[in-house]
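# Next input, structure requested:
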Amino acid sequence: MLYNMLSGLITRSAPWSTEACGKRPSFRNARGKSAPFYFERSKQGGRFVKNFLTSGIAFLVFFLFLHSSAPAAEKKPVEVKKRDKCPVCGMFVARYPDWIAQIIYDDGTYDVFDGPKDMFKYYFNMEKYNPARKQSRIAVMYVTEYYSAGLMDVRKVFFIPGSNVYGPMGAELVPVATSDAAKEFMHDHKGTGMLRFEEVKPGDLK
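Next comes the predicted model:
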């Protein structure tokens, strides 16, 4: 139906002429219709509309494919407010900017912590601390990298347990950005390992 409507519209409004189309002049039949020219114009108009619709549909399919396959924009770290408390220990997180950790959810809400260790405690046992939260709704998690003091995605850092560097809640899993930095930190601060996010276990939180 859409094809027929567009075909008729473009056929009626298209600025074709006998000269432009290279066709012989029209003549009128018994009913007063310019049969040959009308036929040629309609034929070319229909071909134009068909090609136009085909191209349009192909473009639409390509656009939808790109849209569906593009990754969702990553949520940025939140600005911790003075009243924000760690849901594990109850301390005011803003007082410890060098240790802030964050969990941000797909609806824009968040939880903040005064260190990676409490963040992991919460992550491993969300039902205990907040039954309304689900791991499946987490969009991104951030920790404060030790050397730069900047927030980084938890999947882009190494966590060093067992060092002599302590956070607000005592022994910590210290986040460092690279393997070289992790080795340097372990050498300087007696760390006992290098763990990626998925390698951290509840037993590492003691």
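# Spatially nearest residue to residue 192 (excluding sequence neighbours)?
Once flanking residues are discounted, residue 192 sits nearest to residue 162: 3.2 Å by CB to CB, 6 or more residues apart in numbering. Where you see a C-beta, it was placed from the backbone N, CA and C, and this is true even at glycine.
# mind checking pLDDT for residue 105?
What the model reports as pLDDT for residue 105 is 98.
# tally of neighbours for the residue nearest to residue 192?
Residue 162 has 16 neighbours, counted by other CB atoms under 10 Å.
# how near is it to residue 152?
With distances taken as CB to CB, to the nearest Å, residue 162 is found 21 Å from residue 152.
# One more: residue 132?
Applying CB to CB to residue 132 and residue 152 gives a distance of 27 Å.
# When those two are compared, which one has more neighbours?
A count of neighbours by other CB under 10 Å puts residue 152 above the other of residue 132 and residue 152, at 17 against 8.
# OK, contacts around that one?
By CB atoms under 8 Å, 6 or more residues apart in numbering, the contact list for residue 152 reads 142-145, 175, 177.
# if we go to 10 Å?
With contact set as CB atoms under 10 Å, 6 or more residues apart in numbering, residue 152 has these partners: 77, 141-145, 175-177.
# Check the secondary structure at it for me.
What DSSP: H, G, I helix; E, B strand; the rest coil gives for residue 152 is strand.
# Quickly list what it is bridged to.
Note on residue 152: beta-bridge partners by DSSP bridges are residue 143.
# how close does it sit to residue 168?
In this view, residue 152 and residue 168 are 19 Å apart by CB to CB.
# Show me the shaky parts of the protein.
1-73 (pLDDT under 70).
# now the strands: where do they sit in it?
Along the chain, counting by DSSP state E, strands occupy 101-105, 110-113, 138-144, 151-153, 158-160, 166-167, 170-171, 174-176.
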